[in-house]
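Visitor: Quick one, structure for this:
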Amino acid sequence: MDSIENKVIWITGASSGIGEELAYQLNELGAKIILSARRETVLLKVKNKCKYQDHVTILPLDLTDFNSLGIVTQKALKINGHIDILINNGGLSQRSLIVDTKFEVYQQMIDVNYLGTIKLTKHLLDHFIAQKSGHFVTVTSLMGKFSSPYRSGYCGAKHALHGFFDALRMEHEKDNINVSIICPGFIQTNVAKNALTGDGSALQKEDNATENGMPVNECAQKIISAIKKKRFETYIGGKEKFGIYLKRFFPRLLHKVVMNSKVR
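Guide: A predicted model of the protein is given here:
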């Protein structure tokens, strides 16, 4: 099991939720962390709550500003001279029926959840190859393994991440590059409140499943354990995790279970 101490870890989506909690826990374990998200003021608040603030650097980025991601990556590399781990955590959810969802919302889902992550990953890949080590940790979702109503665009983008990062792992195992895919279920964050509705506006309300989900600090602990163990794929949550196995062996039963649940 690898140690986190003194590792240089870059976290996207670090201004709230899972990314924010990972920042606190990884900082306390002695990692040198780079925090990225769109809002610099919120990142500064996260930094100020970290135990060892001298080991924290904030680096604003917008995953949909593809042309800027190469420049941001070079800035990240200059901070400590190298990067050991990239945690691809930035993302956006959705709550709307397909028939009610504008095509532009699907474009945004792909840009934020998939293409921005891929672009950033590719910019850092050459560095990992050159130093003959590196670890991509990509936070997808259980919705990257099976689907549910109201989340069509989100599910599609998260499924795509699995296809890409499984291939990256195979192609660059020879370069000592590790890939861990993290699949959370219902976690107590603001993911539902910030989710896009069919017209592109934010939902601005919580759902019961998220409110009653796993505490975010427990989720972060499990992610850090998976990082240390360099696990290929990790499922985190409550009973919703069993959807993985129903999808694989009993897909029609999973369909019935999801349709009978309060999935919105």
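
Visitor: which residues touch the residue lying closest to Gly70 once chain neighbours are set aside?
Guide: Nearest residue to Gly70 in three dimensions, chain neighbours excluded: His123, at 5.1 Å (Cβ to Cβ, 6 or more residues apart in numbering). Any C-beta I mention is one placed from the backbone N, CA and C, and that applies to glycine too. Going by Cβ atoms under 8 Å, 6 or more residues apart in numbering, His123 touches Leu69, Gly70, Thr73.

Visitor: The first one should be in a strand, yeah?
Guide: No. Following the definition DSSP: H, G, I helix; E, B strand; the rest coil, Leu69 is helix and is not counted among the residues of a strand.

Visitor: how about His82, phi and psi?
Guide: phi -170, psi 170 (degrees, to the nearest 10).

Visitor: residue boundaries of the helices in the stretch 1-150 of the chain?
Guide: 17-28, 40-49, 69-80, 103-110, 116-131 (DSSP state H, counting those that start in this stretch).

Visitor: Now Glu104: closest residue in space, sequence neighbours ignored.
Guide: Glu104 sits nearest to Gly200 (Cβ to Cβ, 6+ apart), 6.2 Å away.

Visitor: Over to Asn27?
Guide: Closest to Asn27 by Cβ to Cβ, 6+ apart is Cys50, at 4.4 Å.

Visitor: can you give me the strands in the protein?
Guide: Counting by DSSP state E, one finds strands in the chain at the ranges 8-12, 32-36, 56-58, 85-88, 134-139, 177-184, 233-236.

Visitor: Let me have these in a markdown table, extended by mean pLDDT, mean neighbour count and distance to Asp65.
Guide: Output for these, formatted as a markdown table (pLDDT from 0 to 100; neighbours: other Cβ atoms under 10 Å; distance: least, Cβ to Cβ, whole Å):
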| stretch | mean pLDDT | mean neighbour count | distance to Asp65 |
| --- | --- | --- | --- |
| strand 8-12 | 98 | 25 | 13 |
| strand 32-36 | 98 | 26 | 12 |
| strand 56-58 | 98 | 20 | 17 |
| strand 85-88 | 98 | 26 | 16 |
| strand 134-139 | 98 | 24 | 20 |
| strand 177-184 | 98 | 23 | 25 |
| strand 233-236 | 98 | 20 | 30 |
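
Visitor: Including distance to His159, could those go into TSV?
Guide: Shown next, in TSV, are the strands of the chain (distance: least, Cβ to Cβ, whole Å):
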stretch	distance to His159
strand 8-12	19
strand 32-36	24
strand 56-58	31
strand 85-88	15
strand 134-139	13
strand 177-184	11
strand 233-236	13
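
Visitor: got a pLDDT number for the residue nearest to His172 when sequence neighbours are not counted?
Guide: With sequence-adjacent residues excluded and distances taken as Cβ to Cβ, 6+ apart, His172 is closest to Ile129, at 7.0 Å. With respect to pLDDT, Ile129 has a value of 98.

Visitor: Offset the numbering so it begins at 4, please.
Guide: Yes, from this point I'll number from 4; that puts the last item at Ile132.

Visitor: mind listing what Ile132 touches?
Guide: Ile132 touches His175, Asp178, Ile180, counting by Cβ under 8 Å, 6+ apart.

Visitor: Kindly recompute the last result at 10 Å.
Guide: Residues in contact with Ile132 (Cβ atoms under 10 Å, 6 or more residues apart in numbering) are His175, Lys177, Asp178, Asn179, Ile180.

Visitor: winner for burial among the helices of the stretch 4-153 of the chain?
Guide: Among those, helix 20-31 has the highest mean neighbour count (mean count of other Cβ atoms under 10 Å), at a mean of 22.
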